[in-house]
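**Q** have a look at this prediction, sequence included:
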Amino acid sequence: MRDKENNAPEPADMAADRELKELLANWQAPPTPGSLLKRMDSSFRHEIGRPDLRTRKHLYWSLGLAAVAAIGTLIWLAAGRPGLRPANLDRHLIAISPDSGKRELGMQERSNAPRSTTNPATPGYVPMRQTRLRNTRTASSYLLTGVVRSEQGAPLPGAVVAIHQSGPDYSDPFMAPEWPPPAMSQSCDSQGRYTFVLEAPLHAFVTVRKPGFAANHGQIDIRGPEPVVKNHRLRPATASIEGYVYDNQGDPIPGAMIGINVGTHVALVRGSWISPIPAKTNALGYYRVADVPDGGVSMNAASSNHIKEYRDNIDTRPGELSRVDFHLKKAQLLSFLVRNAGGDTLAKPSGYCKGMDRQSMISYVRQGFLILGVEPRPGRFECTISAEGYKAKSVTANPESQPLEVVLDELEPHVISGRVITESGEPLPATVVEIYNLTAETDSDGRFSKILKIEEQSVQVRIIKPGYIEYKETASLSSGPAAKELEICLKQSEGGLYGRVLDAEGRPLERFLMVFKQTGLIFFRDFESEDGQFSVTDLPAGTYDLFIQSVPFGPLNSATVRNLQVKGVEIRKGYMYGELLFQFPPSK
Amino acid sequence: MRALDEATDEDLLRRTHEGDPAAFHQLYQRHVDTIFRFAYRMLGSQENAEDVTHECFLALIRNPGKFDPRRGALRTYLYIAVRNLIAKRLRRPGAESPAECEMENLPEDVDKGPLPRLLARELSSKVRGAIGMMPPLQREVLVLSEYEEQSLTQIAAIVGTDVGTVKSRLHRARAWLRREMAPYMSRAPEKR
């Protein structure tokens, strides 16, 4: 109820108040936008979960609660009751010596330190307990989020972020690599932010586009319950390039493929790089490409009968047209018909010739034939022909002769399987096991298996799971189809570190790589966040030398990448060392 | 089970935390306009208002235990929560003053001619500017009283002070407005 008696104005002021009210009525609030409901819906699903998952969760809870409680109590008792012990007494601070890149960690004792509210790895609880809680809470959804900005750091609202199940097909150098239709896409909000809520782990490609900027693309790997942050910086693209492609006789080459790349075109650590822009020459050998990134690109031109030519450091100025002509050398063509033992032609064979520059060599498949375009020279060519799942074969080829038939033997399949359990023997379901650049996921009993058709005799098996110490093993593959059985026991985290990394000017680093080294051990962790935060909870206890490498947006080279070495970083059992601040020294 | 539109806020909140999206929708629809309008008038920007409204409801989902029905209605709780978020946002370095924010993009009254529309737009901009320049403590009581039609007792509960203080802030806010809007009013503003 409105207490009118208290609120009633004096009679003399009544008219003025009425007039004021009429004036105030002129400012109307806009209606609540519908997009807010969508955004809220997405958050609701993420925070509370879908109803069916909730029901399932209830079932799991009621079935497993007693067992989990009993096991948890036993572990706690067996570990000497480490839980809930205040852990903020031991803290590390950096002793800064600005003139040297190397820094020593000093130890300082503090008590009653304030708790960090931003970092989940807050001191006060042993990490084992924290990670267990984290694992059970967010396992139902996976978050991919980030900010799209210009090179100067201004957010780019309206930039479209798309997720593709597969990347573009680059196998044919004379076809423009087109992206497959996106599985999902989203426009960035006014702050340049985007967020995808996914229901399953995902390994996919992301493209980011905005008119006037060079498209950016990269790969993502979303496996754990931790949200994956993927920020992008888009480079303005307002320049144009035109030119002609001739052969060494001076005749124009129609249909030559022009590729434009930015910088060194290096894939970053979990990073992104600018999509190459393809173009083709017309009947007069002329090409023109618009929306080329400003500030320098590298180019290449290729034709089916010519050696690929590269040009680096081409200056492209905003809004200006540059001219770049190419004169391509005629190539010698070697053709192969690649079959398996059954007589079927193989879809994607590849090959290279000994003593040839692989970069300038052209390789493409036409109607089942593999064609290699190599620099002309007298004599025969020693070539190695391979295809995925088949054993590579060395052959001697004659240029300009009939296609050489090559029969490749299929590799024997190796089955690698195993079971992932905890120290107490509990199976670990939904755990991603990396085997030879491939991944397998454990089932509800912690079991996984993968069939490999590779020439190597041993493969690396690796598991990174939050809350557990990273597991690495080199497994030798037995000959024949006999399954290689692995019994993998993941140890729970013993301790950890968290903190921030700053550049020389004190700004948080958005992307950096941390390498923890100890005799015989090396662990890589890459981080991406807007405020330079890191949190490491999955390394074995011990003292490490830590190397931090900045991973800037844009081309990677010695001028942009900085390194920092910190000696004596300690990961101590049962403790979470927090609020560490690593700052790069000023450049000389 | 009671139909959703008849269910109390407490019932809806409980069912929300049991994972019922329909209950959450109902609860959200019941309060979102009020909270958004308040946030918009305090911050002067639709984007910022959307953000704090979102954060406010997110906090409600994340920390259901913080709302105690014995201490007041859910709407009052939401007002308090969004007020805290607004204060946090206004404290940020470089936070825009509502008066400096972008021109609003409201649907215009197409029945009016171009001149009345222009005048209405100018007046709206002046009111918005005047309220935006007001100190936040006065601005919030004015918005709650004039636009949200909350009683003095309710306002006191939301801003965490007593009715007397609310009355004096409201008085100062109105006096400020009269001074700022004097060219548009027929009566001269009161002298201080």
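**A** Received the coordinates, thanks.
**Q** per-domain residue ranges of chain B.
**A** In terms of domains, chain B is parsed into B:1-92, B:111-192 (source: automatic domain parsing).
**Q** so for the first one, mean pLDDT?
**A** In other words, domain B:1-92. Across domain B:1-92, pLDDT averages out at 85.
**Q** and the residue of chain B that's closest to chain A?
**A** Chain A sits closest to residue B:19 of chain B, with a gap of 3.3 Å, by CB to the nearest CB. Bear in mind the C-beta positions are built from the backbone N, C-alpha and C, glycine included.
**Q** so how many other residues sit close to that residue?
**A** Residues lying near residue B:19 (other CB atoms under 10 Å in any protein chain shown) number 20.
**Q** go on, the one 3 residues further on?
**A** A count of neighbours around residue B:22, defined by other CB under 10 Å, yields 12.
**Q** and the longest helix along chain B, which residues are buried?
**A** Counting residues, the longest helix found in chain B (DSSP state H) is helix B:21-43. Buried residues in helix B:21-43, counting neighbours by 16 or more other CB atoms under 10 Å in any protein chain shown, are found at B:21, B:23-28, B:30-32, B:34-43.
**Q** filter the residues you listed down to the ones near chain A?
**A** Among the buried residues of helix B:21-43, the ones lying near chain A by CB under 8 Å from any CB of the partner chain are B:21, B:24, B:25, B:28, B:32, B:36, B:37, B:40, B:41.
**Q** can you give me the domain boundaries for chain A?
**A** As given by automatic domain parsing, the domain ranges for chain A are A:34-79, A:82-126+A:495-588, A:142-234, A:239-328, A:334-408, A:414-490.
**Q** in the stretch 201-350 of chain A, which residue sits closest to chain B?
**A** For the stretch 201-350 of chain A, CB to the nearest CB, closest residue to chain B: residue A:227, 14.5 Å.
**Q** hang on, I meant the stretch 151-300 of chain A
**A** residue A:190 (4.6 Å).
**Q** report the separation between the residue most central in space within chain B and residue A:189.
**A** Centroid check for chain B by CA atoms, centre = their mean gives residue B:38 as the closest residue, at 1.1 Å. Residue B:38 sits 21 Å away from residue A:189, going by CB to CB, to the nearest Å.
**Q** before we move on, what about residue A:547?
**A** Residue A:547 is 36 Å from residue A:189, where distance means CB to CB.
**Q** repeat that for residue B:83.
**A** Noted for residue B:83: a distance of 24 Å to residue A:189, by CB to CB.
**Q** quick one: which of those two has more around it?
**A** More crowded of residue B:83 and residue A:189, by other CB under 10 Å: residue B:83, with 22 against 18.
**Q** wait, isn't residue B:148 in contact with residue B:37?
**A** Yes. Between residue B:148 and residue B:37 a contact is recorded at 7.0 Å, counting by CB atoms under 8 Å.
**Q** list the residues that contact residue 142.
**A** Going with chain A. A:197, A:198, A:199, A:200, A:201, A:202, A:222, A:223, A:224, A:225, A:227, A:228 (CB atoms under 8 Å, 6 or more residues apart in numbering or on different chains).
**Q** my question was about chain B, not that one.
**A** Shown in contact with residue B:142 (CB under 8 Å, 6+ apart): B:131, B:134, B:170, B:173, B:174, B:177.
**Q** any idea of the pLDDT on the nearest residue to the second one once chain neighbours are set aside?
**A** Taking CB to CB, 6 or more residues apart in numbering or on different chains as the measure, residue B:134 lies nearest to residue B:176, with 5.6 Å between them; neighbours along the chain are not counted. We note a pLDDT of 85 for residue B:176 in this prediction.
**Q** still on that earlier bit, state the number of residues packed around the residue of the stretch 151-300 of chain A closest to chain B.
**A** The burial count for residue A:190: 14, using other CB under 10 Å.
**Q** SS state for it?
**A** Following DSSP: H, G, I helix; E, B strand; the rest coil, the label given to residue A:190 is coil.
**Q** tell me the backbone dihedrals of it, please.
**A** phi -60, psi -20 (degrees, to the nearest 10).
**Q** next, residue B:67: phi, psi?
**A** Main-chain torsions, residue B:67, degrees, to the nearest 10: phi -90, psi 120.
**Q** wouldn't it be in contact with residue B:76 here?
**A** No. Using CB under 8 Å, residue B:67 and residue B:76 do not qualify as a contacting pair, with a distance of 9.9 Å.
**Q** wait, a strand at residue A:41?
**A** No. Counting by three-state DSSP, one finds residue A:41 to be helix, located in no strand.
**Q** number of nearby residues for it?
**A** By the criterion of other CB under 10 Å, residue A:41 has 15 neighbours.
**Q** now do the contacts for it.
**A** Counting by CB under 8 Å, 6+ apart, residue A:41 makes contact with residue B:21.
**Q** and the gap between it and residue B:36?
**A** Where residue B:36 is concerned, residue A:41 sits at a distance of 16 Å (CB to CB).
**Q** with residue A:248 instead?
**A** From residue A:248 to residue B:36 the distance is 69 Å (CB to CB).
**Q** again with residue B:169
**A** The spacing between residue B:169 and residue B:36, counted by CB to CB, is 23 Å.
**Q** next one: residue A:442
**A** Plainly put, residue A:442 is 45 Å away from residue B:36 if you go by CB to CB.
**Q** ok so, going back, now, the contacts of residue A:142 that are in strands?
**A** If you go by DSSP state E, these have A:197, A:198, A:202, A:222, A:228 in strands.
**Q** of those residues, buried ones?
**A** Applying 16+ other CB under 10 Å to the ones in strands among the contacts of residue A:142, the neighbour count classes A:198, A:202, A:222, A:228 as buried.
**Q** dump the residue contacts of the last one.
**A** Listed by CB under 8 Å, 6+ apart, the contact set of residue A:228 reads A:142, A:143, A:144, A:145, A:220, A:221, A:222.
**Q** which two of the residues you listed have the greatest separation?
**A** Spanning the widest gap among the contacts of residue A:228 are A:145 and A:221, at 14.7 Å by CB to CB.
**Q** how about the helices in the stretch 301-450 of chain A?
**A** Counting by DSSP state H, counting those that start in this stretch, the stretch 301-450 of chain A has no helices to list.
**Q** quick check: pLDDT value at whichever residue of it sits closest to chain B.
**A** Nearest residue of the stretch 301-450 of chain A to chain B: residue A:430, at 20.5 Å (CB to the nearest CB). If you check residue A:430, the pLDDT there is 81.
**Q** check the one 10 residues further on too.
**A** According to the per-residue confidence, residue A:440 scores 86 in pLDDT.
**Q** residue contacts, it?
**A** A:432, A:433, A:448, A:449, A:450.
**Q** how about residue A:428?
**A** Contacts of residue A:428 (CB under 8 Å, 6+ apart): A:420, A:421, A:422, A:442, A:446, A:465, A:468, A:490.
**Q** could you redo the last one with a cut-off of 10 Å?
**A** Contacts of residue A:428 were listed using CB atoms under 10 Å, 6 or more residues apart in numbering or on different chains, and they are A:135, A:419-422, A:442, A:445-446, A:463, A:465, A:468, A:488-490.
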